[in-house]
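# Turn this into a model:
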Amino acid sequence: MMAAVRWLRRRWAAVRAGEDRGSAVVEFLGVALILLVPTVYLIVTLSRVQAAAFAADGAARDAGRLIAQAETMADGVPRAQLAVELAFADQGFDVAGEQALQVTCQDDPCLSPGAYIHLQVGTQVDLPLVPPMLAGALATQVDVQGEALVAVDDFRVLP
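Here you go, the predicted model:
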C-alpha cells in the first residue's frame, strides 16, 4: 500500500514538473471504446425498432386502402396480407401477413358505404447481438404495432 502511495506522489510530482511521458493515445482509445461501443449498439437497436415501426404504420395504411377498394372482403384481405408482407420485407423483416394483420369492421357487411375498417399490424423485433441463452433473463424482443382506421367510400356501389 505504501509503495502505491509513493508511486502516486512521484507520478503527480512528475506531471506538475512537466515530465509526463504521455499515454494520451492509449487513454483516448480506452475512453473512446468505452463510450463508442454502447453508442453504436444503441443506434443500431433504435434504427431496427424504428424501421419496424415505419413498416407497421405503412402496412396498416396500405392494407386498409386495399380492403376499402376491394369488391369483397374475400378479395381484399389476401391483398392486404400481401401488402403487409411487402412493407416489412422492404425494411428487412420476415413477417407472415396472416399473423401480423388484424381486421375489425364497424358494420356488417364490412364494405358497406360509410363503414369504417380498423386495421392493426404488429410484429416483434429481435434485439441485435443478444445471445439466446439470455432470452429467459432479459427481454430480447420489442413489440411494434401500427394502426389505421379507413373509411369505405360513401358512394360505393354494393356488388
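# Only C-alpha atoms from now on, for both contacts and neighbour counts.
Will do.
# Relative to the whole chain's centre, how far out is stretch 41-54?
4 Å (Cα atoms, centre = their mean, to the nearest Å).
# And for stretch 100-120?
On Cα atoms, centre = their mean, the centre of stretch 100-120 falls 27 Å from that of its chain.
# Likewise for stretch 49-69?
14 Å.
# Can you show me the CA trace of it as PDB?
What follows is stretch 49-69, C-alpha atoms only, in PDB (Å, rounded to 0.1, in the frame of the first residue of the first chain):
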ATOM      1  CA  VAL A  49     -37.100  -0.700 -34.000                       C
ATOM      2  CA  GLN A  50     -37.800   2.500 -36.000                       C
ATOM      3  CA  ALA A  51     -37.700   0.600 -39.200                       C
ATOM      4  CA  ALA A  52     -40.200  -1.900 -37.900                       C
ATOM      5  CA  ALA A  53     -42.500   0.900 -36.600                       C
ATOM      6  CA  PHE A  54     -42.300   2.600 -40.000                       C
ATOM      7  CA  ALA A  55     -43.200  -0.700 -41.800                       C
ATOM      8  CA  ALA A  56     -46.100  -1.400 -39.400                       C
ATOM      9  CA  ASP A  57     -47.700   2.100 -39.900                       C
ATOM     10  CA  GLY A  58     -47.300   1.900 -43.700                       C
ATOM     11  CA  ALA A  59     -48.500  -1.600 -43.900                       C
ATOM     12  CA  ALA A  60     -51.700  -0.800 -41.800                       C
ATOM     13  CA  ARG A  61     -52.400   2.200 -44.000                       C
ATOM     14  CA  ASP A  62     -51.900   0.400 -47.300                       C
ATOM     15  CA  ALA A  63     -53.800  -2.700 -46.200                       C
ATOM     16  CA  GLY A  64     -56.700  -0.500 -45.200                       C
ATOM     17  CA  ARG A  65     -56.800   1.100 -48.600                       C
ATOM     18  CA  LEU A  66     -56.600  -2.200 -50.400                       C
ATOM     19  CA  ILE A  67     -59.500  -3.600 -48.400                       C
ATOM     20  CA  ALA A  68     -61.600  -0.500 -48.800                       C
ATOM     21  CA  GLN A  69     -61.200  -0.600 -52.500                       C
END
